[in-house]
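Engineer: Build the 3D model from these lines:
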Amino acid sequence: MKIYVARHGQTDYNAQDKICGATDLSLNQKGFEQAEQLAEEVAKHPGIGLTVVSPMLRAQQTAEAVLRRCPMEKRTDDRLREQNYGYFEGRDRMEPDFRIARVQFAKPCPQGESILQMAQRIYNFLDELIQENPAGEILLVAHGSVSRVIRSYFVPMSNEEYGAFYQKNGALEIYDTEEGIASR
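Structural biologist: Numbers count the residues shown, from 1 in each chain. Sure thing, here's the model as predicted:
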């Protein structure tokens, strides 16, 4: 099975280096352009028959652009929503307190969720997806932290590698469940 993981296009918060998290934002103009470019990239993989999308607006808008170019079945799954960063929502991504909090696996962000809580829902989702579709090709349209957790599911990572992994807006990663590898 191949799992294609797309990160949504850019939002104003992304452009301003602010934390989006559970804040439900629309794509900005550049984000809509990235979504169209992503659709062109997805079109190079005609075996994809299903897309599963985060319920958040920026992911839904990105998926809509892909589906206009590559019609396929679409499902929405709440487990693909972005991590809730609580207190840090809308704040600068470079704040020292956030940089510490974003690698605290078991400690939730104040008024938010922990990496472990997010990883549990995403790992459970991936376990189900692979069990139900052992030979398919599926596109997931989600978020930056979600893509980091998905990568950790397939690729052994140290804490430092986990914290440093960054999937760009509108980018596509490919994971092969049989080979346990990732490619770009």
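
Engineer: which residue sits farthest out from the middle of the chain?
Structural biologist: Pro96 (23.7 Å; Cα atoms, centre = their mean).

Engineer: phi, psi of it?
Structural biologist: Main-chain dihedrals, Pro96, degrees, to the nearest 10: phi -60, psi -40.

Engineer: What's the per-residue pLDDT of it here?
Structural biologist: Note on Pro96: pLDDT of 91.

Engineer: which residues does it contact?
Structural biologist: Taking Cβ atoms under 8 Å, 6 or more residues apart in numbering as the contact definition, Pro96 lies against nothing. Every C-beta, even on glycine, is put in place using the N, C-alpha and C of the backbone.

Engineer: now Asn133
Structural biologist: Met1, Leu50.

Engineer: roughly how far apart are it and Leu57?
Structural biologist: Taking Cβ to Cβ, to the nearest Å as the measure, Asn133 falls 26 Å from Leu57.

Engineer: coming back round to it: distance check, the residue farthest from the centre of the chain against Arg7.
Structural biologist: 25 Å.

Engineer: for Glu33, same thing?
Structural biologist: Taken as Cβ to Cβ, the span from Glu33 to Arg7 is 14 Å.

Engineer: Thanks a lot, catch you later.
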